[in-house]
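Q: Quick one, structure for this:
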Amino acid sequence: MDSLTEALLSGAGPDEIGRHELPQEYEAAHLLASDVGMFDGVADNDVRKSLHVGQVPMPQIAPDEVVVAVMASSINYNTVWSATFEPVPTFDFLQRYARQGGYAARHDLPYQVVGSDASGIVVRVGAGVRHWKTGDHVVVSCVQVDDQEPATHADAMLGAGQRIWGYETNFGGLAHYAVVRAGQLLPKPAHLTWEESASVLLTAATSYRMLVSDNGARIKQGDIVLIWGATGGLGAYAVQMVKNAGGIAVGVVGSARKAEALRRLGCDVVIDRSEIGLGGDDPLTPQRTIELGKRLGREIRRQVGEDPHVVFDYVGRATFGISVFVVRKGGTVVTCGSSTGYDHHFDNRYLWMNLKRIVGSHAANLQEQAECIRLFRLGHLAPVLSEVFPLKDVGEAARLVQTNRHIGKVGVLCLAPEEGLGVTDPALRERIGAARLNPLRGSRVPACAEVS
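A: Sure, this is the predicted structure:
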C-alpha cells in the first residue's frame, strides 16, 4: 500500500495528505481495447469476462482538474454498455476526444477506467482550481462540460463538448483514485456513508431533471406519474420525488419480489408487468402495443380514477409505444435512456391528435445536481442501496445490473475498507433517522427468477 493511501485510511488531515506523493499506479476497474470484439457471435455478453481489476498508471492532471481518492462508487447501466462494447465500443469515444489535443490526448489509451459515480476525498488540485482544496469530502458528478462553449452557459447539457465521465472519458470512478474536473464536484452529504453518497448523484439527479426541473416534466401536486422500472436506481428515486411533490406514483415492475420492494418505497400503485401481459424485450406489434396500453390504462384508472399526467420511461423499445398511448391528453412522456433498445415505435396519431409531448432528458446540469443533493441533506431523499461489493468483485456487481437482478443501486467499496464509514454529522443522521435510509437494502431478485 502506498503512503498516501495509508495516510487516508488512518484519517489524515489536509496538511498530512498534501505531504504524500500521488502513487505512480493505482487499482482500477478497467476495460482493454484488445478485448473489443470478444463477444462477437456470443449469446451472453457476460461483463465479468471484460471487466478487469488491476493496476493502471496515474495520469497527469490538467490545471482545472483534481485527483479524488475514491472511497466508494456504484454501478450504472453505462458501465454495462461499456463492458459489452455496445452499442459502440467506448474506446471510439476516447479516440474522438483525444483528437482535440492537449490534455484530452491522455484519454486515448489501450485501457479505459470506467465508472460514473464516486464519493471520496480531494488529494490534489490543479493550478486553476479555486473552490476546492485538499481534504474536502466530495461527490463526483458524471457530467463533464466545456465551459468555453456558449451553449454550456445556457444549459450545460446542451453543449457539444458535454461528456459522461467514465463512459465517454477515461479515469472513471470504479477505482482507488479518479481524475475529474473541478466543475464535477459537490460537497458530500455529511450524514451519509461513503457508499450511500456514491450511489445517489447520477441516477437521482437524472430523475430530478426528468421530473422536477424546468428542463423536464415539472411535476406538481396531484400529478399521476407512471414509472417504468420503478425499483431500479432511476425509478426508486423517481418514486421518492413524485411523493415529495405531492403526486401519485404508479410503479411498474417485473416480479413479485420487486413489487414488494416498491411498496416499501411508499409507491401508491404497484403494477406487475405480468398483470397486463407484458413480458420480454422484443418489439411489440402496433396492435399489441395498443392492446397492452388499454389494459394498463384501465388498471391505472381502476386504482386512481384518471390517466397519468406523466410517464417516466428509460426502458425504451419494450415500453415506449405503450407510454405514448397511455399518457393522458396533453400529457408528457419523459425519457432518458433505452435499456431494452433504442429503436422506438409508436403510433403518432395518439401523440399529435392528443397534444402529448415527448421530452428527451440526459443526466443533469450542475445546478440541478446541487438542488438534488440538497434534498438528500434535508432528508427529503434517501439512498436506495440494495447491495455493496468490494472493488475486486466489480464484475459480479455489474453482472447483477446487466441481468436485472438488482433492486435500487449496487454500491462498490473502493478505498473504504468497510461499510458505514464517512459520516461526519452523526447527529443529522440520527435526526433524519437511519431507518429511513436504504429501504431496499438486502433486496435481490433470485437468479432463477424470471425478470424484466
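Q: List the contacts of Val394.
A: Counting by CB atoms under 8 Å, 6 or more residues apart in numbering, Val394 touches Ala29, Leu51, Val53, Ile75, Leu174, Val412. Any C-beta I mention is one placed from the backbone N, CA and C, and that applies to glycine too.
Q: Would you map the helices across this structure?
A: Applying DSSP state H to the chain gives helices spanning 3-9, 14-19, 77-84, 91-98, 194-197, 201-211, 233-244, 256-264, 286-304, 320-326, 349-352, 366-377, 394-402, 426-432.
Q: Going by neighbour count, which residues of the lowest-mean-pLDDT helix or strand in the chain are buried?
A: Within the chain, no helix or strand scores below helix 256-264, which has a mean of 91 by mean pLDDT, DSSP states H and E. By neighbour count with 16 or more other CB atoms under 10 Å, helix 256-264 contains the buried residues Arg257, Lys258, Ala259, Ala261, Leu262.
Q: Switch those residues over to CSV; also include distance to Ala363.
A: CSV is the format used below for these (distance: CB to CB, whole Å):
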residue, distance to Ala363
Arg257, 29
Lys258, 25
Ala259, 29
Ala261, 25
Leu262, 24
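Q: Show me which of those residues is closest to Val68.
A: Set against Val68, the nearest of the buried residues of helix 256-264 by CB to CB is Ala261 (31.6 Å).
Q: Correct me if wrong: that closest one contacts Asn438.
A: No - taking CB atoms under 8 Å as the definition, Ala261 is not a contact partner of Asn438, at 11.5 Å.
Q: Buried deepest among the helices of the chain, which one?
A: Among these, judged by mean count of other CB atoms under 10 Å, the one packed with the most neighbours on average is helix 194-197 (a mean of 30).
Q: helices or strands up against that helix?
A: In terms of contacts (3 or more CB pairs under 8 Å, 6 or more residues apart in numbering; DSSP states H and E), helix 194-197 is packed against strand 65-74, strand 118-125, strand 385-390, strand 409-413.
Q: Strand partners (parallel or antiparallel) of the longest one?
A: Each strand that strand 65-74 pairs with, and the sense of that pairing, follows from DSSP bridges: strand 118-125 (antiparallel), strand 177-181 (antiparallel), strand 409-413 (antiparallel).
Q: Give me the angle between it and helix 394-402.
A: 70 degrees (axes from the mean of the first three to the mean of the last three CA atoms, to 10 degrees).
Q: pretty sure Pro189 is touching Ser197, no?
A: Yes - with contact defined as CB under 8 Å, Pro189 reaches Ser197; the gap is 5.7 Å.
Q: intersection of neighbour lists for the two?
A: In contact with both Pro189 and Ser197: Val139, Phe376, using CB under 8 Å, 6+ apart.
Q: per-residue pLDDT, Asp281?
A: For Asp281, the pLDDT comes out at 59.
Q: Just the buried positions in stretch 347-366, please.
A: Within stretch 347-366, the residues that count as buried by 16+ other CB under 10 Å are Tyr350, Leu351, Lys356, Ile358, Val359, Ser361, His362, Ala363, Ala364, Asn365, Leu366.
Q: quick one: that stretch to chain centroid distance?
A: 21 Å (CA atoms, centre = their mean, to the nearest Å).
Q: got the end-to-end distance for that stretch?
A: 36 Å (CA to CA, to the nearest Å).
Q: Likewise for stretch 207-217?
A: Termini of stretch 207-217 sit 10 Å apart (CA to CA).
Q: ok, residues contacting that stretch?
A: For stretch 207-217, contacts defined as CB under 8 Å, 6+ apart pick out 155, 157, 218-219, 225, 234-235, 237-238, 241-242, 245, 310, 312, 332, 334, 336, 359, 361, 363-365, 368-369, 371-372, 375.
Q: Swap in 6 Å and give it another go.
A: With CB atoms under 6 Å, 6 or more residues apart in numbering as the test, stretch 207-217 has contacts from 219, 234, 237-238, 241, 310, 332, 334, 336, 361, 364, 368, 372.
Q: same deal with stretch 80-90?
A: Everything outside stretch 80-90 that qualifies as a contact, by CB under 6 Å, 6+ apart, is Val36, Asn45, Val47, Ser50, Leu51, Val114, Ala398, Val401, Gln402.
Q: how far away is the closest residue to the last one other than its chain neighbours from Val242?
A: Taking CB to CB, 6 or more residues apart in numbering as the measure, Gln402 lies nearest to Val80, with 4.7 Å between them; neighbours along the chain are not counted. Distance from Val80 to Val242, counting by CB to CB, to the nearest Å: 26 Å.
Q: ok, now Tyr77?
A: Here the criterion is CB to CB. By it, Tyr77 lies 21 Å from Val242.
Q: Glu195 now?
A: As judged by CB to CB, Glu195 and Val242 stand 25 Å apart.
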